[in-house]
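Chemist: sequence and computational prediction follow.
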Amino acid sequence: EEKMFSWSRSSGSSAPSYPGSRKSTTQAPAPSPQPFVSSRYTRNDHLQSYLNHPTLKPSTRRVSRDDSTYDTIFQTRSGHALILRVHMPMQSSGSLPPPPGMSLVGIIATHPWIDTKMRVIGYDPIKSGQSWASSNLLLGNVVDSVVKHIQLNPPEVIEITDDSLQRLQASISPGPGGRVGGQQNQHNSSQTQAPPDYHSALNTSGGAPEEEDHNIPIPPVPSSFPELETMSKSEMQELLDNEEKFQSFVAELPAVTTLNDLKSSIFKGNVETAEANLKHQEELNELHAEVQSLRKSLGEKVEKFRELEARQAELTRPPDKRDIVKRLTKAKKDAYNESEDIASEWLDEGGENDVDDFVRKFMERRTIHHVRAAKIERLTATM
């Protein structure tokens, strides 16, 4: 049993040819009418076959809010990590089931199966509703076949535009000895390797998984319309002449119904997102009020800090020598006057008080006077 990462042999492209194709345009007989073909599988059968596919399941995740769009990550034999986006549209009753849409996302590349918008257009069973219904293939097997073909026939990658894919590609770039991501690259080996888990593969930075990408690939414009091949010329002319009938016919075409499904899906997703945002409005208003309060409190504290910072600068800056000399001169005079007052007081009392006490007090004040005078002299000398 082949798995998604087997390089031993190509899965090939032996799918049935497109029903509307013609081998020759020279004297070819008129094409026989092709009967309406309905698929024996339901849309749920297709999704379950894809989501529970033993090879694809670990590397697949849903990227739309509904059950219509999924991404599968895989690695090619050339060492490139790629993401295949699969869109399974809703089916309208009474019409051909629309084929699944597939595209490569996050890269710009060239490949015979891929158009300029990175849509897969080269796999016959998904080219039209008629070919999809007549193929009787399950979606899981179709995705597996497309993945294997791209694995074994890698596209020429021109640019990787997705950030997560860039990080993943950097983590698996071939190193010395042909190793990819630290393991031996087995391009020429018949052994298989298990597909990576989607979240662990894209979460190479070790942080939280990336936000889901909700872009939905628009299906390619059909190259032919099998519904017209069963009509006669008169029926076609009637369609052209009757505008109402023509519009009704167009509205039932698989390509149109697919686009309408996409429109409804996107509209529904936008409504759900808007409703989810509105549910957080009250919480956001409360957080906004709290932030405003904290901002005001921060402003007040910053202003107080600046005042204290200015006070600290004033207290710690070097003193002005002139101011010190001025203050010492005043203090020196004060000490001198105090000593003179002590002497005058003792003389007025007739020297009756204790001489030793008078001398002690007088010498204490006069010493302070001389010390301050000495400091003034030293400071003046350094100015």
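Modeler: Great, that's in hand. Numbers count the residues shown, from 1 in each chain.

Chemist: check contacts around the closest residue in space to I376 that isn't next to it in sequence.
Modeler: Nearest-residue entry for I376: L328, 5.0 Å, with adjacent residues in sequence omitted and distances by Cβ to Cβ, 6 or more residues apart in numbering. Where C-beta positions appear, they are placed from N, C-alpha and C, glycine not excepted. Residues near L328 by Cβ atoms under 8 Å, 6 or more residues apart in numbering: 372, 375-376, 379.

Chemist: after the helix or strand encompassing L328 comes which helix or strand?
Modeler: Element membership of L328 [criterion: DSSP states H and E] is helix 321-348. Counting by DSSP H and E, the next helix or strand C-terminal to helix 321-348 is helix 355-382.

Chemist: in the chain, what spans have low per-residue confidence?
Modeler: Low-confidence segments of the chain, defined by pLDDT under 70, span residues 1-39, 92-95, 173-219, 351, 353.

Chemist: would you list every one of the helices in it?
Modeler: Counting by DSSP state H, one finds helices in the chain at the ranges 43-51, 129-135, 139-152, 163-171, 198-202, 226-229, 233-241, 243-251, 254-279, 281-316, 321-348, 355-382.

Chemist: circling back to that earlier point, of the contacts of L328, closest to S49?
Modeler: Nearest to S49 out of these is L379 (Cβ to Cβ; 98.1 Å).

Chemist: what's the burial count for that closest one?
Modeler: 14 (other Cβ atoms under 10 Å).

Chemist: equivalent analysis for the one 3 residues further on, please.
Modeler: T382 is flanked by 6 other residues according to other Cβ under 10 Å.

Chemist: same question for S135.
Modeler: As a burial measure, S135 scores 20 neighbours (other Cβ under 10 Å).

Chemist: surely it meets S128?
Modeler: No - S135 is not in contact with S128 according to Cβ atoms under 8 Å; the separation is 10.4 Å.

Chemist: now R43: how far from S49?
Modeler: Note on R43: its distance to S49, by Cβ to Cβ, to the nearest Å, is 11 Å.

Chemist: OK, contacts around S103?
Modeler: 84-85, 114, 117-120, 217.

Chemist: now F225: closest residue in space, sequence neighbours ignored.
Modeler: Of all residues not flanking F225 in the chain, L253 sits nearest, at 6.9 Å (Cβ to Cβ, 6+ apart).

Chemist: I figured the one you found hits P226, correct?
Modeler: No - counting by Cβ under 8 Å, L253 does not reach P226; the two are 10.1 Å apart.

Chemist: touching, D71 and R85? I think so.
Modeler: Yes - applying Cβ under 8 Å, one finds D71 in contact with R85, separated by 5.4 Å.

Chemist: these two: which has the busier surroundings?
Modeler: The neighbour comparison of D71 against R85 (other Cβ under 10 Å) goes to R85, with 23 against 20.

Chemist: you'd agree the more buried one is up against L104?
Modeler: Yes - counting by Cβ under 8 Å, R85 touches L104, with 7.4 Å between them.

Chemist: picking up where we left off before, now for D71 and R85: what residues contact both?
Modeler: Residues touching both D71 and R85 (Cβ under 8 Å, 6+ apart) are 63, 105.

Chemist: neighbours of the residue nearest to L138 when sequence neighbours are not counted, how many?
Modeler: Spatially, and ignoring its direct neighbours in sequence, L138 is nearest to S49 (3.9 Å; Cβ to Cβ, 6+ apart). Counted by other Cβ under 10 Å, the residues lying close to S49 total 19.

Chemist: tell me how far S49 lies from R327.
Modeler: Applying Cβ to Cβ to S49 and R327 gives a distance of 97 Å.

Chemist: repeat that for S344.
Modeler: Look at S344 and R327: by Cβ to Cβ, they are 26 Å apart.

Chemist: who's more crowded, those two?
Modeler: R327 (13 against 10).

Chemist: OK, contacts around the more buried one?
Modeler: So R327 contacts nothing (Cβ under 8 Å, 6+ apart).

Chemist: for N52, same thing?
Modeler: Per Cβ under 8 Å, 6+ apart, neighbours of N52: G140.

Chemist: which phi and psi does it have?
Modeler: When quoted as degrees, to the nearest 10, the phi and psi of N52 stand at phi -110, psi 10.

Chemist: do you know how far it is from L287?
Modeler: Taken as Cβ to Cβ, the span from N52 to L287 is 42 Å.

Chemist: on that earlier part again, of the helices of the chain, which is nearest G79?
Modeler: helix 163-171 (8.4 Å).

Chemist: quick one: that closest one to chain centroid distance?
Modeler: Between the centre of helix 163-171 and the centre of its host chain there is 13 Å, according to Cα atoms, centre = their mean, to the nearest Å.

Chemist: which parts of it are buried?
Modeler: By 16 or more other Cβ atoms under 10 Å, the buried positions in helix 163-171 come out as 164-169.

Chemist: can you check stretch 96-116 too?
Modeler: Applying 16+ other Cβ under 10 Å to stretch 96-116 flags 96-107, 109, 111, 113-114 as buried.

Chemist: same deal with stretch 352-369?
Modeler: For stretch 352-369, the neighbour count (16+ other Cβ under 10 Å) marks 358, 361-362, 365-366, 368-369 as buried.

Chemist: dump the residues you listed into CSV; add distance to R311 as well.
Modeler: Formatted as CSV, the buried residues of stretch 352-369 follow (distance: Cβ to Cβ, whole Å):
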residue, distance to R311
F358, 45
K361, 39
F362, 41
R365, 35
R366, 38
I368, 31
H369, 34
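
Chemist: quick one: which of those residues is nearest S297?
Modeler: Proximity of those to S297 (Cβ to Cβ) peaks at I368, which lies at 51.3 Å.

Chemist: give the contact list for the closest one.
Modeler: I368 sits next to A335 when contact means Cβ under 8 Å, 6+ apart.

Chemist: ok, it to W346 distance?
Modeler: 18 Å.

Chemist: Q130 too?
Modeler: From Q130 to W346 the distance is 133 Å (Cβ to Cβ).
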